[in-house]
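**Q** pasting the structure only:
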């Protein structure tokens, strides 16, 4: 079956614009994670969903970041009033449930000018 | 919270040599330690993982060792090949818990010279 997909793959935004990043997890995967990967760094946890419930958003860097997964499958990460420091690759990962091997999507590279 | 340290940040070896990457973690509750390989512009891909109930795991040319007492784990790649060149990340999490988000190290850029 298909793996985790993300769209768009690349996004260029002007400072102050709002952006929305989409993640399609593997079908049937209950758990979904968002990570932020700055250039030359390891991925950093942003938020976690179990089905439609956002159980942990402790990694979101500011209240400009918002994530949702209304039907327990597709998830959207929204960043309002983008800043240059938001430039990074945003990775989505899913697993069947709980913990274990996380399958990553290809990421969305966000560049804020 | 958990903190994962990884070293070296860069590693250059000759083809056929072995490569070793080391990580330490801080939270004794962590019990799942995966290693991911990430090629430039690509997604992280799991190459091997280990749980805390074993001390070593091997898969062909790749092995991982875990020392729970010292809170460190290592990746060993033998007979390296140019296609092993990539950035490698270690990570830690709590397997079987209610969540399982990964805490990553900063990565090791491995270059294998032909």
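**A** Sure, I can see it. What you are looking at is a predicted structure, and each value in this text was computed from that prediction instead of being measured.
**Q** around chain A, pick out the residues from chain B.
**A** B:6, B:32, B:34, B:36, B:42-46, B:49, B:89, B:91, B:93-107 (Cβ under 8 Å from any Cβ of the partner chain). (C-beta placed from N, C-alpha, C; glycine too.)
**Q** in strands, which of those residues appear?
**A** Residues of these located in strands (DSSP state E): B:6, B:32, B:34, B:36, B:45-46, B:49, B:89, B:91, B:103-104.
**Q** among these, which one sits closest to residue A:9?
**A** residue B:45 (17.1 Å; Cβ to Cβ).
**Q** rewinding a little: buried only: go through the ones in strands among the residues of chain B next to chain A for me.
**A** B:6, B:32, B:34, B:36, B:49, B:89, B:91, B:103-104 (16 or more other Cβ atoms under 10 Å in any protein chain shown).
**Q** ok, now which ones touch residue A:4?
**A** Residue A:4 makes contacts with A:23-26, A:92-94, A:103-106, B:43, as judged by Cβ atoms under 8 Å, 6 or more residues apart in numbering or on different chains.
**Q** does residue A:105 really touch residue A:91, like I thought?
**A** Yes: using Cβ atoms under 8 Å, residue A:105 is in contact with residue A:91, at 6.3 Å.
**Q** give the residues shared as contacts by the two.
**A** In contact with both residue A:105 and residue A:91: A:6, B:43, using Cβ under 8 Å, 6+ apart.
**Q** count of residues packed around the residue of chain B found nearest chain A?
**A** Nearest residue of chain B to chain A: residue B:100, at 2.6 Å (Cβ to the nearest Cβ). For residue B:100, the count of nearby residues is 20 (other Cβ atoms under 10 Å in any protein chain shown).
**Q** surely it and residue A:96 touch.
**A** No: between residue B:100 and residue A:96 there is no contact under Cβ under 8 Å: 10.8 Å.
**Q** find the residues that touch each one of those two.
**A** residue A:31.
**Q** pretty sure residue A:66 is touching residue A:54, no?
**A** No: with contact defined as Cβ under 8 Å, residue A:66 does not reach residue A:54; the gap is 9.7 Å.
**Q** ok, residue 85 - contacts?
**A** This is for chain A. Residue A:85 neighbours (Cβ under 8 Å, 6+ apart): residue A:112.
**Q** oops, wrong one, chain B.
**A** Residues in contact with residue B:85 (Cβ under 8 Å, 6+ apart) are B:110-112.
**Q** repeat that for 10 Å
**A** By Cβ atoms under 10 Å, 6 or more residues apart in numbering or on different chains, residue B:85 lies in contact with B:12-13, B:15, B:37, B:39-40, B:109-114.
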